[in-house]
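Q: model the following, please.
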Amino acid sequence: GTSFFTLLFRTLKNTSSTYSRVLLGAVVVALTISMSSPLRIVLVGGGHAHLQVIKALNKRALPSNIHVTLIDPSPLPSYSGMVPGCVSSLYTQDQTRVELEPLARWAGVEYISSSVVSISSSSNTFTLEDSTKCEFDVASLDIGSTTRGVKGTTKIPGVAEFAIPTRPINELVSRVEAAEQSMKSMDASPQNVVVVGAGPAGIELAFAMRARWSKAFPGSSFKVTLLDTGETLLPNEAAPCRKITNDALKDRAIDVVHRAKVTEITATQVLMDDGTQISHSHVIWATGAACHPLAEELSRNGVETDDRGWIRVNRNLQSVSNPSVFAAGDCCAIEDPEFNSPPKAGVYAVRSGPVLVANLVNYLKKETLTPYIPQDDFLKLLMLGDGTAVGFRFGLGLRGKWVWELKDHIDQMFMDLFKEKNLISSASLPSPTSAPTCSQYDESETPPDADSVSPKSAAHELARTDDDVDYMMNWRLLKRMMAEENFKNDVTGFFEQ
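A: As a prediction, the model looks like this:
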């Protein structure tokens, strides 16, 4: 009715950013649902995409007959982008965690601290670990993944007993801290930290362990060894990007072993398929993602998964077998003839959030769904553990303090969206000023103007590694390169010179 939409318009205007307004605005554009029958939206998992859904589908943005429930066993999920920095001691654990209960309370979302153990597709009902039933009209799964090689069909002997896996991500820092405290209690120090898995996460954690334990155990001459199954690190990145990464590893005395396929871990050795053994005092297991334990149960009950256990969804993030179920983030694989499903990286979960908001609402409205088209490439930023970072974009290798400052800025900006102190109040809500779209959280940011910077000057600024670089100006230059093809080509040409 009129009063509902008037209140919603006022809510949109009062939000603190254009991003927040457009997320809430997805509801007003798509939702004119009958106020008579109750409708239930159930969100399983408090992942990066669902955080945005919770904020958008709040009690001020929905008719009173729409009830939203969030189910997650952990009230404090970690933001994966900041965890390596936390391992490095650049952040505290609290800085990397989202508080689900205050966010859900503000949004008027029912929060259930529990785990889903099964689903009935015929009745659209989840069963929780205490046998409670939770019915839904539309549901979304953002349950993340586990670490490959720890359990199930990919299990490698000794990993569960003797290694620290990277997932669940919110337990990684606590496990590293426990290992550290154990050594200190015995007046011991690390000898050789072996990181298994040389993707971006493994590389960051090798830097993180070097930084953390160099400070925690001053004077210790421990080794850090990074094991890579391939012939070269980051094979899909341009040569300059690989070079600055290898240089940073060498500068920090991190050894890299290629063609290293681990077959077993013992209490003191990492064994490989060619018979090689590497002594270890600690193993960080960063071998990539495996499906969530819930996936097998889902696949037996009407939510199809592929041969690796990923929930099969179409480009609208909708299950190919149960149209009332959606999925986002690591737990799903998008099947589309025009593009491949994106890698298991947090950026894709974040970018899918606004589309998921629109589609959950549009499904209830029985209107056309919005496709999620993953970006082909994105700005990759790897922290080095010491207040510097390396970055890759357009084949350019970026490095220095400013790259870390940019990464920190982007991560903190995302986290700020969900902090209790930043959530809007429901008082004094004027009407909106712009039509809503599926915009991203960082689109409304207005960094320093870079339109007058020449390509040659831009290349010079981006290539700088000193501590006085204006990271916000360089962020604007990179955004301009994303928007202007000719400018991008000219900058990359000067950069290579």
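Q: so, low pLDDT: which residues of the stretch 201-350 of the chain?
A: Filtered on pLDDT under 70, the stretch 201-350 of the chain yields no residues whatsoever.
Q: what about residue 351, how many residues nearby?
A: 23 (other CB atoms under 10 Å). Where C-beta positions appear, they are placed from N, C-alpha and C, glycine not excepted.
Q: next: the one 5 residues further on.
A: Residue crowding around residue 356 was assessed by other CB under 10 Å; the count is 29.
Q: do the same with residue 104
A: If we define neighbours as other CB under 10 Å, then residue 104 has 23 of them.
Q: contacting residues around stretch 392-401?
A: Under the criterion CB atoms under 8 Å, 6 or more residues apart in numbering, residues 237-238, 240-241, 243-245, 248, 377-380, 387-391, 462, 464-467, 469, 478, 481, 488, 491-492, 495 lie in contact with stretch 392-401.
Q: pull out the buried members of the residues you listed.
A: In those, burial by neighbour count holds for 237, 241, 244-245, 248, 379-380, 387-391, 462, 464, 469, 478, 481, 488, 491-492, 495, counting by 16 or more other CB atoms under 10 Å.
Q: which ones among those residues lie within strands?
A: Mapping these onto strands (DSSP state E) picks out 380, 389, 390, 391.
Q: any idea what the second one is bridged to?
A: If I follow you right, that is residue 389. Following DSSP bridges, residue 389 is listed with bridge partners residue 383, residue 400.
Q: so how far is residue 404 from it?
A: As judged by CB to CB, to the nearest Å, residue 389 and residue 404 stand 4 Å apart.
Q: who touches both of those two?
A: Listed as contacting both residue 389 and residue 404 by CB under 8 Å, 6+ apart are 381, 383.
Q: out of the ones in strands among the buried ones among the contacts of stretch 392-401, which two sit at the greatest distance?
A: Farthest pair in those (CB to CB) is 380 and 389. Separation: 10.1 Å.
Q: now residue 67, nearest residue through space, not along the chain?
A: Of all residues not flanking residue 67 in the chain, residue 40 sits nearest, at 5.2 Å (CB to CB, 6 or more residues apart in numbering).
Q: now do the SS call for that neighbour.
A: Recorded secondary structure, residue 40: strand (DSSP: H, G, I helix; E, B strand; the rest coil).
Q: and which of the ones in strands among the buried ones among the contacts of stretch 392-401 is nearest to residue 233?
A: For these, the closest approach to residue 233 (CB to CB) belongs to residue 390, at 11.7 Å.
Q: you'd agree the closest one is up against residue 404?
A: No. Contact criterion CB atoms under 8 Å: residue 390 and residue 404 do not qualify, at 9.2 Å.
Q: residues shared between the contacts of those two?
A: What both residue 390 and residue 404 touch, as defined by CB under 8 Å, 6+ apart, is the set 381, 384.
Q: ok, which stretches of the stretch 351-497 of the chain are strands?
A: Applying DSSP state E, counting those that start in this stretch to the stretch 351-497 of the chain gives strands spanning 380-383, 389-393, 396-400.
Q: which elements pack onto the helix or strand hosting residue 224?
A: Assigned by DSSP states H and E, residue 224 belongs to strand 223-227. The contact analysis (3 or more CB pairs under 8 Å, 6 or more residues apart in numbering; DSSP states H and E) places strand 223-227 against strand 192-196, helix 200-216, strand 254-257.
Q: what residues does that strand touch?
A: 191-198, 202-203, 206, 209-210, 249, 252-257, 260, 262, 270, 272, 278, 280.
Q: what's the angle from that strand to helix 200-216?
A: On the basis of axes from the mean of the first three to the mean of the last three CA atoms, to 10 degrees, strand 223-227 is oriented at 180 degrees to helix 200-216.
Q: next, the angle strand 192-196 makes with strand 223-227.
A: If you take the same axes, to 10 degrees, strand 223-227 sits at 20 degrees to strand 192-196.
Q: what strands line up against strand 223-227, and which way round?
A: Partners of strand 223-227 in the sheet, by DSSP bridges, are strand 192-196 (parallel), strand 254-257 (parallel).
Q: what separates it from the chain centre, distance-wise?
A: Relative to its chain's centre, strand 223-227 lies at 25 Å (CA atoms, centre = their mean, to the nearest Å).
Q: cool, stretch 65-83 as well?
A: That offset, for stretch 65-83, works out to 13 Å (CA atoms, centre = their mean).
Q: export it to CSV, keeping only CA atoms.
A: Extracted in CSV, the C-alpha atoms of stretch 65-83 (Å, rounded to 0.1, in the frame of the first residue of the first chain):
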residue,chain,number,x,y,z
ASN,A,65,4.0,-10.5,5.3
ILE,A,66,7.6,-11.2,4.2
HIS,A,67,9.6,-13.1,6.8
VAL,A,68,13.4,-13.5,6.4
THR,A,69,15.4,-16.1,8.3
LEU,A,70,19.2,-16.5,8.4
ILE,A,71,20.7,-19.8,9.5
ASP,A,72,24.4,-20.0,10.3
PRO,A,73,26.1,-21.9,13.2
SER,A,74,28.7,-19.1,13.6
PRO,A,75,27.5,-15.6,14.8
LEU,A,76,30.9,-14.2,13.8
PRO,A,77,31.9,-15.2,10.2
SER,A,78,35.2,-13.9,9.0
TYR,A,79,35.8,-11.8,5.9
SER,A,80,38.2,-13.9,3.9
GLY,A,81,39.9,-10.9,2.3
MET,A,82,41.3,-9.7,5.6
VAL,A,83,42.2,-13.1,7.2
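Q: now it: average pLDDT?
A: Per-residue pLDDT values across stretch 65-83 average out to 96.
Q: mind listing the helices for the stretch 51-200 of the chain?
A: Applying DSSP state H, counting those that start in this stretch to the stretch 51-200 of the chain gives helices spanning 83-87, 93-96, 100-107, 159-162, 169-185, 200-216.
Q: quick one: buried residues of the fourth one?
A: When you say that, I think you mean helix 159-162. Buried residues in helix 159-162, counted by 16+ other CB under 10 Å: 159, 162.
Q: check the last one too.
A: Under the neighbour-count criterion of 16+ other CB under 10 Å, helix 200-216 has 200-214, 216 buried.
Q: and that helix, what other elements does it pack with?
A: helix 83-87, helix 169-185, strand 192-196, strand 223-227, helix 239-251, strand 254-257, strand 282-285, strand 380-383.
Q: residue 100 is nearest to which of these?
A: For those, proximity to residue 100 was assessed by CB to CB; helix 169-185 is nearest, at 11.4 Å.
Q: alpha carbons of the closest one, as CSV, please.
A: Coordinates of each C-alpha in helix 169-185 appear next as CSV, following Å, rounded to 0.1, in the frame of the first residue of the first chain:
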residue,chain,number,x,y,z
ILE,A,169,38.3,-19.6,7.3
ASN,A,170,37.0,-18.3,10.6
GLU,A,171,39.1,-20.9,12.4
LEU,A,172,42.4,-20.4,10.7
VAL,A,173,43.7,-17.6,12.8
SER,A,174,42.8,-19.4,16.1
ARG,A,175,44.7,-22.5,14.9
VAL,A,176,47.8,-20.4,14.1
GLU,A,177,47.5,-18.7,17.5
ALA,A,178,47.2,-22.0,19.2
ALA,A,179,50.3,-23.4,17.5
GLU,A,180,52.2,-20.2,18.5
GLN,A,181,51.1,-20.4,22.1
SER,A,182,52.1,-24.1,22.3
MET,A,183,55.6,-23.3,21.1
LYS,A,184,56.0,-20.4,23.6
SER,A,185,54.8,-22.5,26.5
